[in-house]
Structures are given as structure tokens and as C-alpha cells.
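J.: Structure here, sequence nowhere to be found:
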Ligand SMILES: [Zn+2]
């Protein structure tokens, strides 16, 4: 008689059914990333397209910081980092990189607030 071993099939978590795992991850992000970090220091609104300043590490809404850089350029002035308490006073467009991690954190927080409402 032949013994057949059936492998245990681990199904990936599906969104519609048991999403305990996914919610757990969302909670971790919400705790480690304070909600204030999602707020653009320029617009005071939650960022939709966050970009991070490579020099000082602060993030802003892309459109808002680019507008400031453009305006200050016309005035031939340097751009001070709009984040309160930051002493960086030479923000350049070339120093800004898309902040994918922050965007994901914002997205996942929004998803969470929808599911808990
Ligand atoms: Zn800064």
C-alpha cells in the first residue's frame, strides 16, 4: 500500500475574508508613523503625493513645495524648509524624492479608517 503525503496548503490571506493579518500590519504602521507625519507642513493637509527632502529628511506635498521653490526662485531667494523646527534653509527641487513608504502608510491608514468606520 502506498502512502501519499498531502502537502499542507497555506492559502494566502484574502482581503474579503479573514483580514486579521492585514489589519495588524496597518496598526503597526499607524503606531510607528505618527499621524502628524502625514500632514504636509505647507498645506496642513494630508499629503497625496509626498516627496522627501534628501537633505533634512522632511516630507511635503509635492505640488506645494514645488510651487514655493518656483516662487522663491523668481525672487532669487533660497527656500527654507517649511517644517517647523528645521534649520535647513536651502531646499532644492533636485533634493526631493518621491516618498513611496510614506505614501503607502497614508494609503493604508486611509484604508483602515474606512474599514473601522
Ligand atoms: Zn526640513
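T.: Arrived safely. If you're wondering where the values come from, they're calculated on a predicted model, not measured in any experiment.
J.: Residue 81 - how many residues pack around it?
T.: 20 (other C-beta atoms under 10 Å). (Glycine included, C-beta is placed from N, CA and C.)
J.: For it, give its distance to residue 108.
T.: Residue 81 sits 26 Å away from residue 108 when distances are taken as C-beta to C-beta, to the nearest Å.
J.: Could I get the pLDDT score of residue 37?
T.: On the pLDDT scale, residue 37 is placed at 81.
J.: The one 4 residues further on too?
T.: For residue 41, the model assigns a pLDDT of 95.
J.: secondary structure element for it?
T.: In this assignment (DSSP states H and E), residue 41 forms part of neither any helix nor any strand.
J.: shouldn't it be in contact with residue 60?
T.: Yes. Taking C-beta atoms under 8 Å as the definition, residue 41 is a contact partner of residue 60 at 6.2 Å.
J.: Give the buried residues for the lengthiest helix in the chain.
T.: Of all the elements of type helix in the chain, the one with the most residues (DSSP state H) is helix 100-116. Counting neighbours by 16 or more other C-beta atoms under 10 Å, one finds that the buried residues in helix 100-116 are 102-103, 105-106, 108-109, 112.
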